[in-house]
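Q: pasting a predicted model and its sequence here:
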Amino acid sequence: MSRIPKLNEDIMKACQLYVDNLIKPIHSLGKLEEMAVRIAGITGEVKPSYLNKAIVIFGGDTAVDGENRTRGQLSHDEMKLVAQGAGPVNVIARNLEAPVYLMDVGLEKDTTDIEGVLTKKMISGTHHGHPAMDDEVVNGAVSLGMSVAKTLATQGVEAAGIGNIGERSLLSALAVTAAIMKEDLLKVSAKGGYSIRLAGIGNFAENPIGNLAEVGSAEIAALFGFVVEAARNGMIVVFDNAVTGAAVLAAVTVYPEIQNFVFPSVYYEEPVHKMQMQKLGMHAYLHYDFTEAEGFGSALGLSLLDAAIDMLNQMKTFGTADVDVAIDGAGSGRQRKEIR
């Protein structure tokens with residue numbers, strides 16, 4: 001993982017200076033400016049070109065044994081809908097000119113009848129209880145995610161929005177998040193005068209495969225592998241809900257430098273997602289009360305990357321527009337006519 005590239009600090013400083021000299025009150029575009037500067041640091045360009053984008057969705061059902069009335073039919077139908085180009089995420093993807101890639105890594109039902117789905121099923125739904133999977137299944141799912149990321153990188157994809165399809169996936173997202181945040185939860189419970197029991201959960205950073213096998217799910221394992229390999233290849237990753245958030249949190253827990261390549265998208269009024277964002281030290285950009293999965297929030301997040309690049313490439317500086325710079329206030333001395 002020493003091959004994870006570092007951000008180009010010199011380019012980021014130059015980009016920040018350029019952003020500060022765009023014709024607007026300094027810092028007035030908030031998070032969009034921060035995104036632009038980080039994109040510059042990743043791409044090595046002060047004014048990056050438009051990024052080649054893709055949306056990657058992994059499917060997996062959780063807790064399929066026991067009473068499971070749907071028998072995976074809902075996820076099967078949703079996967080089919082997106083494969084046909086008729087899902088909400090497809091609408092955004094078309095506007096972004098981003099292909100949507102679907103992988104069945106752990107759905108309960110067979111998906112070989114759905115054209116457009118890469119079926120690499122490691123398990124037909126993860127189990128209810130412990131362990132959820134065995135190490136071999138997790139290794140296979142992680143390897144698949146890494147392979148997909150590496151393939152997309154060789155095809156020139158520079159930014160990927162990640163998503164999930166699957167029933168009861170919030171259960172595994174909660175379990176993975178709790179495993180990672182075990183010490184945080186124990187401290188909070190002790191302060192509150194109550195106790196919680198997290199048996200069989202070791203140090204996640206030291207044994208991610210074993211912990212994912214205990215409490216995870218196939219699609220989170222695949223997403224984990226994807227995020228890791230994407231960062232190694234300098235690819236931006238945009239995530240959305242608690243499921244994709246669990247994968248990102250897992251990847252950053254094992255390899256903290258991955259956080260440089262990860263961007264949040266949508267705010268979810270959901271406790272697990274809030275826990276993840278707090279642990280990551282991130283704030284979601286879009287507050288639209290979405291509950292949709294299938295990478296819909298991530299697709300919208302990709303559009304923000306375009307907006308940040310638009311800002312850099314289409315707005316004029318004080319110098320190029322021959323507009324007077326600030327003589328006092330926050331922009332004084334920072335805004336200069338020679339910045340073009």
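A: Cool, the structure landed. Quantities reported herein were computed from a predicted structural model and do not represent experimental measurements.

Q: please verify my assumption that A218 contacts E136.
A: No - under the criterion of CB atoms under 8 Å, A218 lies out of contact with E136, with a separation of 11.7 Å. (Each C-beta comes from the backbone N, C-alpha and C, glycine too.)

Q: what about the two, which has more around it?
A: Taking neighbours as other CB atoms under 10 Å, A218 and E136 compare with A218 leading, 35 against 12.

Q: all helices of the stretch 51-200 of the chain, in order?
A: Assigned helices in the stretch 51-200 of the chain, in chain order: 73-83, 88-96, 135-154, 169-180, 182-191 (criterion: DSSP state H, counting those that start in this stretch).

Q: pick the most buried one from those helices.
A: By mean neighbour count, with neighbours taken as mean count of other CB atoms under 10 Å, helix 169-180 ranks first of these at a mean of 24.

Q: to E229, which of the helices of the stretch 51-200 of the chain lies closest?
A: In this view, the helices of the stretch 51-200 of the chain are compared for proximity to E229 by CB to CB, and helix 135-154 is the closest at 3.7 Å.

Q: remind me what the closest one packs against, helices and strands.
A: Using 3 or more CB pairs under 8 Å, 6 or more residues apart in numbering; DSSP states H and E as the contact test, the elements touching helix 135-154 are strand 53-60, strand 100-106, helix 208-215, helix 218-232.

Q: nearest to E9 among the ones you listed would be which one?
A: When the helices and strands packed on helix 135-154 are ranked by distance to E9, counting by CB to CB, first place goes to helix 218-232 at 17.5 Å.

Q: center of the chain, which residue is that?
A: With distances taken as CA atoms, centre = their mean, the chain has F239 as the residue nearest its mean C-alpha position (2.3 Å).

Q: distance of the closest residue in space to that residue that isn't next to it in sequence from L280?
A: Leaving aside its sequence neighbours, F239 sits nearest to V248 (CB to CB, 6 or more residues apart in numbering; 4.8 Å). Using CB to CB, to the nearest Å, one gets 7 Å for the distance from V248 to L280.

Q: shared neighbours of these two, anything?
A: Shared contacts of V248 and L280, defined by CB atoms under 8 Å, 6 or more residues apart in numbering, comprise V262.

Q: quick one, which of those two is more surrounded?
A: For V248 and L280, the more surrounded residue by other CB under 10 Å is V248, and the numbers stand at 27 against 17.

Q: just checking, the more buried one touches S265?
A: No - V248 is not in contact with S265 according to CB under 8 Å; the separation is 11.1 Å.

Q: which residues does the residue nearest to the centre of the chain contact?
A: When contacts are counted by CB under 8 Å, 6+ apart, F239 touches G161, I162, V227, G245, A247, V248, V262, F263, P264, S265, S298, G301.

Q: so which of these belong to helices?
A: Secondary structure of the contacts of F239 is defined by DSSP state H; positions in helices are V227, G245, A247, V248, S298, G301.

Q: quick revisit: just the buried ones from the contacts of F239?
A: Buried members of those, counted by 16 or more other CB atoms under 10 Å: G161, I162, V227, G245, A247, V248, V262, F263, P264, S265, S298, G301.

Q: ok, the residue nearest to the fifth one when sequence neighbours are not counted - contacts?
A: The reference is to A247. Setting aside the residues directly before and after it, A247 is nearest to L223 in space (CB to CB, 6+ apart), at 3.4 Å. With contacts defined as CB under 8 Å, 6+ apart, the neighbours of L223 are F58, G145, I162, N164, V243, T244, A246, A247, V248.

Q: and for D310?
A: When contacts are counted by CB under 8 Å, 6+ apart, D310 is found next to no other residue.
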